[in-house]
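# Take this sequence and fold it.
(chains A and B)
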Amino acid sequence: MTINTDLLSKVTAFIWHEADLLDHKEYQDWLSLWDKNGLYIVPTDNNETDYENTLNLALDDADMRRMRVARLESGESVSAGSVSGTVRMVSRMRILEETADYVAVRCAMTLNELRHGNLVSYPADLEYRLKPTADGFMIDRKVVKLMHADGFLRTVSFIF
Amino acid sequence: MSELIELKNISQKAADMVEEGRVHKALYSDPEIFEEELDKVFQNTWVYIGHESEVPDAGSFKTAFVGRHPVILSRDRKKNIHVLLNRCRHRGATVCEGRKGKTKAFTCPYHGWGYGLDGGLRAIPKAEEYEGVLDKNDLPLESLRHESYQGLVFATFKSDIEPLEDFLGGAKKWIDLFIKQGGGYPLKVLGEHRFNFPGNWKIQLENTTDAYHFPIIHKSFISSLDDATADIFDFLDGDGFVEDLGHGHSVMVMIPDLVDLEADLDQPIPARFEELAQALRDEGQDEEQVKRLVRAAHGTGFNLNLFPNVSCSMAFFRVLRPVSAEVTEIQHVALGGEGAPAPFNRKRMRLHEHFQGPMGFGTPDDGEAWERVQKGSMAGKDGWILVNRGMGNLHTSPDGNVAGAVCSETGMRGAYQKYKQMMAAEGEK
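Just a heads-up that it's a prediction; the model follows:
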């Protein structure tokens, strides 16, 4: 097995950068990472692949991402105001596929959220499709496969 | 009233904690009252189990609860529906796990007892050891009495309770109107969101016919809408109303123009729905059907609360399960049309994702408010929850029911009076 450590290193740096933006609520910078046709997806069924024809927890195109960020930044959402913060650990990076158009990546994440003094943990697999650009990548697709996607979740007023 | 919460035998007093216009906060947190509710409310009435479309085929099943009891909704080979207690008759292990699926039989994982889709005991390993000891015919999975209305399946532990249709009573008219959002197709469950909140089930029950909270807690959702849609959700000063339908049920009409989705089909399609309309035309739908589907896609203009555990809320079912005095599980069930054009069902799911569930733009703020009510209910030794808004401004509806303004608490009062009546009764264990 040969691992392209140069590509892996670039991909890891990009995904860590994204994780840091989200944990520090730098949402406008996060929006700028996206390809305009990109989709942010949090499925209810992790075996599903036809996301548009099934119910998801979130299936955000550019408009919905912008609106989701606006909701979190506006100060109008009382639940968003109760999230003290998130700390996510992203690891176990693996390049699944590399083509001329995109790089497919899978990695592990544990997101920890503090709200009302309670720590809530969200383990998940993240699947990315990244489009190479002159100075890095753009996100074409991000699928957040929560381990307990079909269980009874706490409500979410942040971005995975 | 403070003496009430000092009483040792507090569970006898739950009914006394409900007055006409206020309820005592101890109803949210007392574990003895909670256990009594499971016995006196959830074991003594019709409880919503699921929709028939969730078990479409022979062999389909889904799991659910009646109060504290895990149950299975199954469809047998003859396509008959059953509601079975999820408990092996040998040692009592559950015989079915998971939310839903298809199976040929329910098999206990412990010792291999196998049951048919109708609950009948079919197979026992080493059956010779039971010769002369037991008869398989005596030990099916226990069945609950169940009845359906418009595809909504309810079950009950009460053999002598009134028929489901009598229990639904004045709510039937509204269920009939609600299912029109299938756009002419049979209503079908498309999926569900699941979440829990650290609060009492009655806090959620109160919420379904509470219009008063909408513009306040859901401001961030309303800000995400186009101006025309945001105007539609500005309904507190409109012609809506809340009606007590009896048996604890109530309806809150927020948008009177959207009560009957088959009315006004000759109206032009608003510009903001043009994208959906064009997608439906592209699927070969004629203009009349396009208008019907576009009008149905966004749901009804009312919330119907069916006591004690389900509401038909604009475009979805909201099902609650009381887990403990201070924990409640909620399912937001997305609905569409069986066989309806794909753009219609896709639109329904995208609208559901926009507001409902753990990541919607609305539900997390509801959940936050409910959690705050629960936390706040611990403040002080005495305390009352007010449900008296609109009590001085009631009228009789055309159907002969007590009704108030859209933001009145008429629905909550109806639910709490039914609760009071059930909690005052002698319990059956």
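# ok, now which ones touch residue 48?
I went with chain A, as the question did not name one. The neighbourhood of A:Glu48, defined by C-beta atoms under 8 Å, 6 or more residues apart in numbering or on different chains, consists of A:Thr54. Bear in mind the C-beta positions are built from the backbone N, C-alpha and C, glycine included.
# could you do chain B instead?
B:152-154, B:306, B:309-310, B:317, B:319.
# Just the buried residues from those, in ChimeraX please.
The following ChimeraX line selects those of the contacts of B:Tyr48 that are buried, judged by 16 or more other C-beta atoms under 10 Å in any protein chain shown:
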select /B:152,153,154,306,309,310,317,319
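# The contacts of B:Tyr48 in strands, which ones?
B:152-154, B:306, B:310, B:317, B:319 (DSSP state E).
# will you turn those residues into JSON lines that also has distance to chain A and pLDDT?
As requested, those are arranged in JSON lines below (distance: C-beta to the nearest C-beta, whole Å; pLDDT from 0 to 100):
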{"residue": "B:Leu152", "distance to chain A": "19", "pLDDT": "98"}
{"residue": "B:Val153", "distance to chain A": "20", "pLDDT": "98"}
{"residue": "B:Phe154", "distance to chain A": "22", "pLDDT": "98"}
{"residue": "B:Leu306", "distance to chain A": "21", "pLDDT": "98"}
{"residue": "B:Val310", "distance to chain A": "17", "pLDDT": "98"}
{"residue": "B:Phe317", "distance to chain A": "13", "pLDDT": "98"}
{"residue": "B:Val319", "distance to chain A": "12", "pLDDT": "98"}
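# Not counting residues beside it along the chain, what's closest to whichever residue of chain A sits closest to chain B?
When distances are taken as C-beta to the nearest C-beta, chain A reaches nearest to chain B at A:Leu55, 2.9 Å away. In space, and not counting its chain neighbours, A:Leu55 is closest to B:Gly191: 2.9 Å by C-beta to C-beta, 6 or more residues apart in numbering or on different chains.
# The closest residue to chain A within chain B: what's it in contact with?
Here the residue of chain B nearest chain A is B:Gly191; by C-beta to the nearest C-beta that distance is 2.9 Å. Applying C-beta under 8 Å, 6+ apart to B:Gly191 gives the contacts A:44-45, A:54-55, B:333-334, B:349.
# Out of those, which end up buried?
Using 16+ other C-beta under 10 Å as the burial test, the contacts of B:Gly191 include A:44, A:54-55, B:333-334, B:349 as buried.
# Determine which two of these are furthest apart.
Farthest apart among those by C-beta to C-beta are A:Thr54 and B:Val333. That separation is 13.9 Å.
# Reduced to three states, what does A:Val42 come out as?
strand (DSSP: H, G, I helix; E, B strand; the rest coil).
# and if you look at A:Phe137?
Per three-state DSSP, the secondary structure class of A:Phe137 is strand.
# Run a quick neighbour tally on it.
23 (other C-beta atoms under 10 Å in any protein chain shown).
# same check, this time on B:Ala279
Other residues lying near B:Ala279 total 18 when counted by other C-beta under 10 Å.
# picking that back up, the residue of chain B closest to chain A looks like it's in a helix, true?
No - counting by three-state DSSP, B:Gly191 is not part of a helix but strand.
# And A:Met89, how close does it get to A:His148?
17 Å (C-beta to C-beta, to the nearest Å).
# What about the contacts of B:Gly191, which are in strands?
Per DSSP E, these map to strands at B:333-334.
# what pairs with B:Ser324 across the strands?
Beta-bridge pairing for B:Ser324 (DSSP bridges): B:Val327.
# That one reaches B:Ile33, doesn't it?
No - using C-beta atoms under 8 Å, B:Ser324 is not in contact with B:Ile33, being 11.5 Å away.
# Could you check which of these two has the larger neighbour count?
Between B:Ser324 and B:Ile33, counting by other C-beta under 10 Å, B:Ile33 is the more crowded of the two (22 against 13).
# how about the more buried one, secondary structure?
For B:Ile33, the assignment made with three-state DSSP gives helix.
# Contact partners for the residue nearest to it when sequence neighbours are not counted?
Distances taken as C-beta to C-beta, 6+ apart place B:Ala14 nearest to B:Ile33, at 4.7 Å, with adjacent residues excluded. Listed by C-beta under 8 Å, 6+ apart, the contact partners of B:Ala14 are B:27, B:30, B:33, B:36-37, B:423.
# Same check on B:Ile124?
Going by C-beta under 8 Å, 6+ apart, B:Ile124 touches B:112-114, B:130, B:136.
# Scan those and report the most crowded one.
Using other C-beta under 10 Å as the neighbour test, the contacts of B:Ile124 are led by B:Trp113, with 23 neighbours.
# Can you dump the C-alpha atoms of the worst-scoring helix or strand of chain A on mean pLDDT in CSV for me?
One helix or strand of chain A scores below all others by mean pLDDT, DSSP states H and E: helix A:78-81, with a mean of 91. Extracted as CSV, the C-alpha positions of helix A:78-81 are listed here (Å, rounded to 0.1, in the frame of the first residue of the first chain):
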residue,chain,number,x,y,z
VAL,A,78,-32.3,31.5,21.8
SER,A,79,-30.9,28.0,21.4
ALA,A,80,-27.9,29.2,19.5
GLY,A,81,-27.2,31.6,22.4
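# Buried ones in that helix, by neighbour count?
For helix A:78-81, the neighbour count (16+ other C-beta under 10 Å) marks A:78-80 as buried.
# Toward the C-terminus, what is the element adjacent to that helix?
strand A:83-98 (DSSP states H and E).
# and that following strand, what does it pack onto?
helix A:5-23, strand A:103-115 (3 or more C-beta pairs under 8 Å, 6 or more residues apart in numbering or on different chains; DSSP states H and E).
# Mean neighbour count, the ones you listed: which tops it?
Highest mean neighbour count among these (mean count of other C-beta atoms under 10 Å in any protein chain shown): strand A:103-115, with a mean of 18.
# how much does it deviate in direction from helix A:5-23?
Strand A:103-115 runs at 30 degrees relative to helix A:5-23, counting by axes from the mean of the first three to the mean of the last three C-alpha atoms, to 10 degrees.
# do strand A:103-115 and chain B meet?
No - Strand A:103-115 lies out of reach of chain B by C-beta under 8 Å from any C-beta of the partner chain, never closer than 8.9 Å.
# Can you tell me the number of residues neighbouring residue 143?
Since no chain was named, I'll use chain A. Using other C-beta under 10 Å, A:Val143 has 20 neighbouring residues.
# Please refer instead to chain B.
15.
# what does the stretch 51-200 of chain B put close to chain A?
Within the stretch 51-200 of chain B, the positions near chain A by C-beta under 8 Å from any C-beta are B:99, B:190-197.
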